[in-house]
Structure formats: structure tokens, C-alpha cells
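Participant: Structure for the following, please:
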Amino acid sequence: MTSEPASTPVPAGIEGSALPGPFPVGAYAERLRERLRAFARVQVFGELWNLRTSRATVYFELRDARGALPCSMWRSDFDALGIEPADGAQVVLAGGCDYYPGSATASPSFSFRASGLRIAGEGDLLAQVQRLRAQFATEGLLEPQKRLARPALPRTIGVVTGEGGKARDDVLAGLRRRGWAGRLIWGFAPVQDRHAAPAIAQALRELAALEQVETIVVARGGGSLADLFAFCDETLCRTVALLRVPVIASVGHHTDRTLLDDVAAVSCSTPTHAAEAAVQIDVRAARATLLREARRLHAHGRRAVLERARVLARLARAPAEHVARHRRRLHQQLRELRASARRGVARERALTATHLLVLGRKAAVAVADRARGQRALALEAAQLRRTSAQASARRRRDLERLALALAAHDPERTLARGYAMVQDAGGELVTSAAEAAAARELSLRFADGRVRASVEDEAR
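Facilitator: Alright, predicted model coming up:
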């Protein structure tokens, strides 16, 4: 190693050290540059980030999950490519190590000096995804989620999505369309960059650790395969395959297919469809059906009561009609007897007296029979009235049980029991004291209306 000019004094080395030197830092930096430039020139690939240009050089970083590399390229060579890669784009670089030794007024810098650059096409990404898909199929990781039982009407649903993305609104719209009034637990995470996959996996693990979470929805809007590549991450997909909670994936549009779609329990084309898959029962339709059935039962009960009343009315009139028929018949017989008596009164007076005595006895027997018949009919009518009352009471109890079942599914009953729903100024639910303190301005919803409230900090 060359030494500094004689005008610069060389200080003594560190006492007890066996290392050679000391050497001037400039000489060492020059030798370091020579050594780095002597390394083999190679091709590397990764995600391009922080692209910036100067008058003569283009600077950027190349990253992946295991590390990062500062890179540079001559401005003229970069402009000749005719491309404008965005942050996160997968690129392939050709080049080698370079080192600027700096000076007394400039800082040193290391970079991978690129002589060529190519954007990795979707064909490269698709091939990588296909290899992982085949590997997962061999290991049996595509089936565990699909064997998990999914509740038709879960009480608590976890959702992993971007906090400000449209997918969040689509999930809420799908749940509102179902009439679902359960609890949502959000796991917000980035959905596009090299930090997305670890963050999504962590959010999934945290939601799955909550015992009340019965289903998890992972939602993200559309994009290119490069934009959705975080959902093809091997670690993320292995995490989903081993979760105890069924995961419903809704990533991209109809034509997009990520590894997460293959591993998840259900794959949906849109976040709205994912919400409908999570809540398999249309609560609004079910409630309307119950109301229709209740009205039908009520109408049927009324018809049954009216029909029984008409039958009882007919039975109540029967004894009087029976007596009237007998009276008419007896009167007719009496008239016939009187006419017969007038024609043979002189000749058969004695015989007529005998006939009158017999007829009198028959009349007495008939009256006694008629009285017994009336008592029997009265007993039958009383029995029918008791049977009708019992049937009416039984149907009334059935209708009351149905009304109680309907009322039990009414979300407003919770508020009527004295609970209140706390929301922030944006209408979002507030579920903890920390959130209430952060929101400051709150809206308390009771059964009979809303009240605005302000949070006072106890520390003050």
C-alpha cells in the first residue's frame, strides 16, 4: 500500500495491535475501490425503490425481503432504455460493485453500478407463482382451509384490508345488504409493497388469536400482478393455510388469481361478494319470511275461530228447530184427531176417550224425550265451547312465541335494555376508552334517540 507524501507525518499505531499500518485513509479508500471493482460482474433482481436523478447519474435502491442494495446508473444509459419504472417494480440489473472514496469535503459512497436494466415481466412473476402453487399442492396446503366449517351467520367477522381503500367500503356495503348486525374487527395493513405480506400475515395471526372471531375476510381492489404480488408471498400463504379460522380471500378483479385465493377457504371476485360469502344467510329476507309466516298463522287462527263459531251457532239453533218440527207434527195430528172425533163422536165416544188417553200419554213421553234431548244438546254445546277456547288459547300462545322470537333478533332490543352505541364524529363505532379519548367528540345512540358528548381528559 502506498504511503502519504513526506509532508504529512505518520502517527504511531495502536500499542499492542498486530495489524499493519496505520495507512492514510485516502490510500486505503483507493485500494478498497480497486478491490470492489475487481469483484465479478453479475446480474441481480429485486424491487426498485426511491428512483431519483441528477445531471449525470440515476440513483435508486434494489430490495427484497432479505436485504437492499444502493444502485446507480449513468443518466445517458438509463434514458436510452426508454422506461419509467415505478416504485416496487421488479427489475433485473447487470453490473458490479463501485466505490467513491470521497475527499476532505465529500462523503464516500458505495453503489452497485448498473450497466443494464430490464423490468421483469409478468411472465417471470407468473412462473414464480406457478412453482409455488405446485409446491403447495404437493405439500397439501391447498386443502386445510377448505375443510374448515364456516358458520352461516357469524357473530364476529375479522377483516384485513387497507385502511383507506375502497375495499373497506365494499365489505361494509355487502354486510349491510345482508342485514347483518354482528361485530366487525378490523386488521388494517398495507396491501401493496414489500412490507405488505408480513403486515397482512401479522394481522391474520392477531385476528385468529381472538376466540370470538369466526371468519376472516382479506380484501383488496384490482391491480397488476406486480401490485398483487404481496398476496403470493410464500410465508403469508403458509400462515393462512394453518389458521384455525376460515379465511375468505377477495383480491383483485374477476380475472386476477393469487396464491392466497388457492390457499384460502373461499375465493371471491369482489369484496362485496366476500362479505356475502361470510354471511351466508340474508337476514333481511329471513326476517321478512318470519313476519309473513306470523301473519299467515294469525289469519289462519282467525279463520279457524270464525269457522268454529259458525258451527256452534248452527248447533245452538238445532234444538229449537227440532222442537218446532215436533210441535208442528203434533198440531197436525191433533187437528186430524179432532176432525176424526167430530165425524165419529156419536158412534165411538168411548173409543175416542180411550184414544185421547193414549195420545195424552204419548204426548207426555214426547215432552220428556224432548227435555232429555235439549239437555244433551246443551252439554254438547258447552263441550264444543270449551274445545274452541282451548284451541284459541293454544294458537295465541304459538303467536306469542313467534313474536318473542322475532323480537329477540331485533338489534334495537339491546338499546332498549339500557345499552348505548358509541360512535365518533365520522360515524365509526368506538369500542375502547383509548379510542373514545382520541375521538373527543362522540355520539351516544340510545333506544329513543342520539346524544352528543365530549370526552374530558382525566389527567387534566
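
Participant: Not counting the lowest-mean-pLDDT helix or strand in the chain itself, show me its contacts.
Facilitator: When each helix and strand of the chain is scored by mean pLDDT, DSSP states H and E, helix 412-416 comes last, with a mean of 70. Contacts with helix 412-416, where a contact means C-beta atoms under 8 Å, 6 or more residues apart in numbering, come from Ala407, Met421, Arg445, Phe446, Ala447. C-beta: built from backbone N, CA, C; applies to glycine.

Participant: Tell me the helix or strand right after that helix.
Facilitator: strand 421-424 (DSSP states H and E).

Participant: Go through that following strand and flag the buried ones.
Facilitator: Val422, Gln423, Asp424 (16 or more other C-beta atoms under 10 Å).

Participant: Name the nearest of those residues relative to Phe229.
Facilitator: Asp424 (34.9 Å; C-beta to C-beta).

Participant: can you give me the helices in this protein?
Facilitator: For the chain, the helices defined by DSSP state H occupy 25-37, 75-81, 122-139, 166-178, 196-208, 234-241, 259-263, 271-278, 283-344, 349-408, 412-416, 433-439.

Participant: Val451 is nearest to which of the ones you listed?
Facilitator: helix 412-416 (12.3 Å).

Participant: could I have that closest one exported to CSV, CA atoms only?
Facilitator: Extracted in CSV, the C-alpha atoms of helix 412-416 (Å, rounded to 0.1, in the frame of the first residue of the first chain):
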residue,chain,number,x,y,z
GLU,A,412,-83.0,-2.3,18.9
ARG,A,413,-83.8,-4.5,21.9
THR,A,414,-80.1,-4.2,23.0
LEU,A,415,-80.5,-0.4,23.1
ALA,A,416,-83.9,-0.7,24.9
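
Participant: ok, back up a step: and the contacts of helix 412-416, which of them are buried?
Facilitator: If you count burial by 16+ other C-beta under 10 Å, none of the contacts of helix 412-416 comes out as buried.

Participant: From those, pick the one nearest Ala18.
Facilitator: Met421 (74.8 Å).

Participant: quick one on the thing from earlier: for the helices of the chain, give me JSON lines that also has distance to Pro190.
Facilitator: Formatted as JSON lines, the helices of the chain follow (distance: least, C-beta to C-beta, whole Å):
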{"stretch": "helix 25-37", "distance to Pro190": "35"}
{"stretch": "helix 75-81", "distance to Pro190": "28"}
{"stretch": "helix 122-139", "distance to Pro190": "19"}
{"stretch": "helix 166-178", "distance to Pro190": "13"}
{"stretch": "helix 196-208", "distance to Pro190": "5"}
{"stretch": "helix 234-241", "distance to Pro190": "12"}
{"stretch": "helix 259-263", "distance to Pro190": "15"}
{"stretch": "helix 271-278", "distance to Pro190": "17"}
{"stretch": "helix 283-344", "distance to Pro190": "33"}
{"stretch": "helix 349-408", "distance to Pro190": "41"}
{"stretch": "helix 412-416", "distance to Pro190": "35"}
{"stretch": "helix 433-439", "distance to Pro190": "21"}
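
Participant: weakest of those by average pLDDT?
Facilitator: Here the helices of the chain differ in mean pLDDT, and the lowest is helix 412-416 at a mean of 70.

Participant: Next, the buried residues of it.
Facilitator: Of the residues in helix 412-416, none is buried (16+ other C-beta under 10 Å).

Participant: do the same with stretch 282-296
Facilitator: Neighbour count says stretch 282-296 has Val283, Ala294 buried, by 16+ other C-beta under 10 Å.

Participant: Using PDB, list the CA coordinates for that stretch.
Facilitator: Extracted as PDB, the C-alpha positions of stretch 282-296 are listed here (Å, rounded to 0.1, in the frame of the first residue of the first chain):
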ATOM      1  CA  ASP A 282     -79.800 -13.000   4.100                       C
ATOM      2  CA  VAL A 283     -81.000 -11.700   7.500                       C
ATOM      3  CA  ARG A 284     -83.400  -9.200   5.900                       C
ATOM      4  CA  ALA A 285     -85.100 -11.900   3.800                       C
ATOM      5  CA  ALA A 286     -85.300 -14.300   6.700                       C
ATOM      6  CA  ARG A 287     -86.900 -11.600   8.900                       C
ATOM      7  CA  ALA A 288     -89.400 -10.800   6.200                       C
ATOM      8  CA  THR A 289     -90.200 -14.600   5.800                       C
ATOM      9  CA  LEU A 290     -90.800 -14.900   9.600                       C
ATOM     10  CA  LEU A 291     -93.200 -11.900   9.500                       C
ATOM     11  CA  ARG A 292     -95.100 -13.400   6.600                       C
ATOM     12  CA  GLU A 293     -95.400 -16.700   8.400                       C
ATOM     13  CA  ALA A 294     -96.600 -14.900  11.600                       C
ATOM     14  CA  ARG A 295     -99.300 -13.000   9.600                       C
ATOM     15  CA  ARG A 296    -100.300 -16.200   7.900                       C
END
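
Participant: Nice, that's everything, thank you.
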